[in-house]
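Participant: Here is the input, now give the coordinates:
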Amino acid sequence: MAVSFYDVKNKASVEVADDKLRKTKYERTTKSGSVQVRYALRGTLADGRKVTKFVSKETWDQHSVPME
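Facilitator: Next comes the predicted model:
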């Protein structure tokens, strides 16, 4: 299942296959002390550039790709 990303350099939507995808989780502590978690899918384009797409936890859990 390919995932659609927006390529900022070429200003176009691109599809990245599952074998070029990785899951990642960004965690940060807010000023109030709580932890904010953002889920993302990262893909590698044909020319080696990385693209990132922030997704919901449900979408993140559906993909069975390795984690970064």
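Participant: where along this protein do the strands fall?
Facilitator: With DSSP state E as the criterion, the chain has strands at 3-7, 12-16, 21-29, 35-44, 50-55.
Participant: which one of these lies closest to residue 68?
Facilitator: strand 21-29 (4.3 Å; CB to CB). (Glycine included, C-beta is placed from N, CA and C.)
Participant: Buried ones in that closest one, by neighbour count?
Facilitator: Going by neighbour count (16 or more other CB atoms under 10 Å), the buried part of strand 21-29 is 21, 22, 23.
Participant: Contacts for that strand, please.
Facilitator: By CB atoms under 8 Å, 6 or more residues apart in numbering, the surrounding residues in contact with strand 21-29 are 3, 35-43, 60, 63, 65-68.
Participant: By neighbour count, which of those residues wins?
Facilitator: Highest neighbour count within the contacts of strand 21-29: residue 43, with 23 neighbours (other CB atoms under 10 Å).
Participant: Quick check: chain neighbours aside, which residue is closest to it?
Facilitator: residue 16 (3.4 Å; CB to CB, 6 or more residues apart in numbering).
Participant: Also residue 67?
Facilitator: residue 23 (4.8 Å).
Participant: got it, and residue 30?
Facilitator: residue 36 (5.6 Å).
Participant: In the sheet, which residues pair with the one you found? Tell me.
Facilitator: residue 28 (DSSP bridges).
Participant: Same check on residue 44?
Facilitator: Taking DSSP bridges, one finds residue 50 as the beta-bridge partners of residue 44.
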